[in-house]
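J.: Following is a predicted model, sequence given first.
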Amino acid sequence: MTELTALQQEMADKLPHICLKNNEPMSTHTSFRIGGNAEVMAFPKSREELAEILKASALLDCKIRILGAGTNVLAPDAGLSGVVICLKDCLDGIELLDNNRIRVMAGVTMTRAAVFAANHGLSGMEFAHGIPGTVGGGVYMNAGAYGGEICQICESVEIMSADGTLRTMSNAEMGFSYRHSVLEESDDIVISTVFCLTTASPDEIKAKMKELMAKRSASQPLDLPSAGSAFKRPVGGYAAALIDQAGLKGYSVGGAAISTKHAGFAVNLGGATAEDVKNLLTQVSDIVFEKSGIRLEPEVRIW
């Protein structure tokens, strides 16, 4: 039996009723299928449990990281010390508030939230149907696709601060911009979000979602591990087009490569390490800059 670290033992002692896993491989919790072990991974089932984990972590002076579905994260090969709090399928639940608003917990996937809205004849979340991440992660980074963004439908966000206190932020207070919110400059955690939608025919909504899903399947490398778009959209162009024009489709470093199907995606061909992906992104950014004068910035969150 592996001897527990001091943190693992202390967290187990302080939080005996909360699901904790020691030395949990990040590769099983990220869409890249990359990453070493997290010293402690916690799975809170409620706001109260999350607050307890945050308070225990503060008492033990350990670093915490928040993980949703891991669809936009590159975890390090060496693993992570401290506590990773996983919210996917933990902070769970969706409710219909009135005829055009729903409240969705942070751990619910974007796809599930979009299907719930469609089933209730609520339009506006069609773009989110194929986004593989959670609502919490989507709100945090103002996720978007096919002309839609979280900021267009978000009415308010319930957040928890590092000391466990709750408050609600309006859309305006969230400071949304392209793939960004003010939460990125704080330790605040998304707990739930109220989306304001419009009424429409469920059949029409589902037809639109099906159309967008067909576009994704036709153009994106959904058969290989990736973290979605590897780079942010730059001013003055599109990342995929710039990468393609630079002749970098299929360009590889170790087990990581630019997809031959969609130049905007970095994929794990099998056995890729975090270092492979980081070196790939750096080299592609440098080559594109040399050829176009435009610097690409990673959209993937590199831990």
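T.: Received it, and whenever you're ready, just let me know what you need.

J.: mean confidence for stretch 47-64?
T.: For stretch 47-64, the mean per-residue pLDDT is 95.

J.: in it, what's buried?
T.: Buried residues in stretch 47-64, counted by 16 or more other Cβ atoms under 10 Å: 47, 49, 50, 51, 52, 53, 54, 56, 57, 62, 64. All C-beta spots, glycine's among them, are computed from the backbone N, C-alpha and C.

J.: ditto for stretch 146-161
T.: 148-160.

J.: How about stretch 187-207?
T.: So, applying 16+ other Cβ under 10 Å, buried residues of stretch 187-207: 188-197, 200, 205-206.

J.: Identify those among the residues you listed that sit within strands.
T.: Members of those lying in strands (criterion: DSSP state E): 189, 190, 191, 192, 193, 194, 195, 196.

J.: To which secondary structure element is residue 33 assigned?
T.: Using DSSP states H and E, residue 33 sits within no helix or strand.

J.: ditto for residue 155
T.: Secondary structure from DSSP H and E places residue 155 in strand 154-160.

J.: Which other helices and strands does that strand contact?
T.: Counting contacts by 3 or more Cβ pairs under 8 Å, 6 or more residues apart in numbering; DSSP states H and E, strand 154-160 is packed against helix 47-59, strand 166-170, strand 189-196.

J.: Could you report the pLDDT at residue 1?
T.: According to the model, residue 1 scores 51 on pLDDT.

J.: swap in the one 4 residues further on?
T.: The per-residue pLDDT reported for residue 5 equals 95.

J.: what's around the residue lying closest to residue 182 once chain neighbours are set aside, how many residues?
T.: Nearest residue to residue 182, sequence neighbours excluded (Cβ to Cβ, 6 or more residues apart in numbering): residue 175, at 3.8 Å. Neighbourhood size, residue 175 [other Cβ atoms under 10 Å]: 15.

J.: wait, residue 175 sits on residue 188?
T.: No - between residue 175 and residue 188 there is no contact under Cβ atoms under 8 Å: 12.0 Å.

J.: which ones are touching the residue lying closest to residue 240 once chain neighbours are set aside?
T.: Once flanking residues are discounted, residue 240 sits nearest to residue 264: 3.4 Å by Cβ to Cβ, 6+ apart. Residue 264 makes contacts with 229, 230, 231, 238, 239, 240, 243, as judged by Cβ atoms under 8 Å, 6 or more residues apart in numbering.

J.: Turn these into a markdown table, including pLDDT, secondary structure and neighbour count.
T.: Formatted as a markdown table, the contacts of residue 264 follow (pLDDT from 0 to 100; DSSP: H, G, I helix; E, B strand; the rest coil; neighbours: other Cβ atoms under 10 Å):
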| residue | pLDDT | secondary structure | neighbour count |
| --- | --- | --- | --- |
| 229 | 90 | strand | 20 |
| 230 | 93 | coil | 28 |
| 231 | 95 | strand | 24 |
| 238 | 92 | coil | 15 |
| 239 | 95 | helix | 24 |
| 240 | 95 | helix | 20 |
| 243 | 97 | helix | 28 |
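
J.: what does the lowest-mean-pLDDT helix or strand in the chain contact?
T.: Every helix and strand of the chain was ranked by mean pLDDT, DSSP states H and E. The lowest is strand 144-145, at a mean of 88. Residues outside strand 144-145 that contact it (Cβ under 8 Å, 6+ apart): 127, 128, 130, 131, 150, 179, 212.
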